[in-house]
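Trainee: Structure for this input, please:
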Amino acid sequence: MSGHSKWSTIKHKKAKTDAARGKVFTKIIKEITTAAKIGGPDADGNPRLRLAIDKAKEANMPNDNIKRAIDKATGEGAAAMEEITYEGYGPGGVALMIESMTDNRNRTIGEVRSTLEKNGGNLGSSGCVSYLFSRKGSLVFDKKGTNEEELSLEAIDAGAEDIKSEENAVDIVTGPDDFEKVRDALKAKGYKPLSAEVTMVPATLVKLDGDDARKVIKLVSLLEDLDDVQAVHANFDIPDDIIEQESK
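Mentor: Numbers count the residues shown, from 1 in each chain. Next comes the predicted model:
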């Protein structure tokens, strides 16, 4: 999946940088609170909460913030958060899935629609692109200094579904329920991923270059910056050098 590993790594680094401004903290706190409300405050018995806490720790969120977010889920007067996934298209016909968490769906859909329309995209109907994506675990490793064959064998032994070898990285794909098991097994063997997440993996890709590629990267970045948007998934295939240039 050309460009996927580069995009995942850049998003991972950006999250750590943005954490200092609190923007990423806000999104993670929403996820922790919602996960705790749906599945309970015990992370040992709540995989979604466990993943949210892992994400918080990767972003260097203080433990007190994590505890307050969990406590908020069981406290009175907490705003009711609603999870909504919007589907649409970007420049060049790229499919977009936009995951949001909001206490005001009218505000959120207005912001998402406006961002799409102002940047060469459009909002679609429910189901228009979701069939192109499957929820998977993704662990991206730098090829430099890594024995790819050994990593692949360890990943398969741990339960990985697929190994995608790219120019500068190896992407280990897992089922969503096996993600933590594979991640922990590889970390125990000394492998440190550049990025690790449960995400939506596209079945088909749209190759883009030039202006369309740059427009899509800008659109996805603007959507990710919206307060109510938790994640944006797209099926673009963009050369690494363009992703690197446009993400600076």
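
Trainee: Which residue is the nearest non-sequential neighbour of Ser126?
Mentor: Distances taken as Cβ to Cβ, 6 or more residues apart in numbering place Glu87 nearest to Ser126, at 6.4 Å, with adjacent residues excluded. Any C-beta I mention is one placed from the backbone N, CA and C, and that applies to glycine too.

Trainee: Following the chain onward from the lowest-mean-pLDDT helix or strand in the chain, which element is next?
Mentor: In the chain, no helix or strand scores lower on mean pLDDT, DSSP states H and E than helix 4-18, which sits at a mean of 59. Next helix or strand after helix 4-18 toward the C-terminus (DSSP states H and E): helix 23-39.

Trainee: Quick check: buried residues in that next one?
Mentor: 24-25, 27-37, 39 (16 or more other Cβ atoms under 10 Å).

Trainee: Show me what it is packed up against.
Mentor: In terms of contacts (3 or more Cβ pairs under 8 Å, 6 or more residues apart in numbering; DSSP states H and E), helix 23-39 is packed against helix 47-58, helix 63-74, strand 95-102, strand 229-234.

Trainee: Of all those, which one is nearest Met200?
Mentor: In terms of Cβ to Cβ, the element of these nearest to Met200 is strand 229-234, at 3.9 Å.

Trainee: which residues sit in contact with Leu151?
Mentor: Shown in contact with Leu151 (Cβ atoms under 8 Å, 6 or more residues apart in numbering): Phe141, Val170, Ile172, Leu186, Tyr191.

Trainee: Ramachandran angles for the first one?
Mentor: If I follow you right, that is Phe141. With angles defined as degrees, to the nearest 10, Phe141 sits at phi -120, psi 140.
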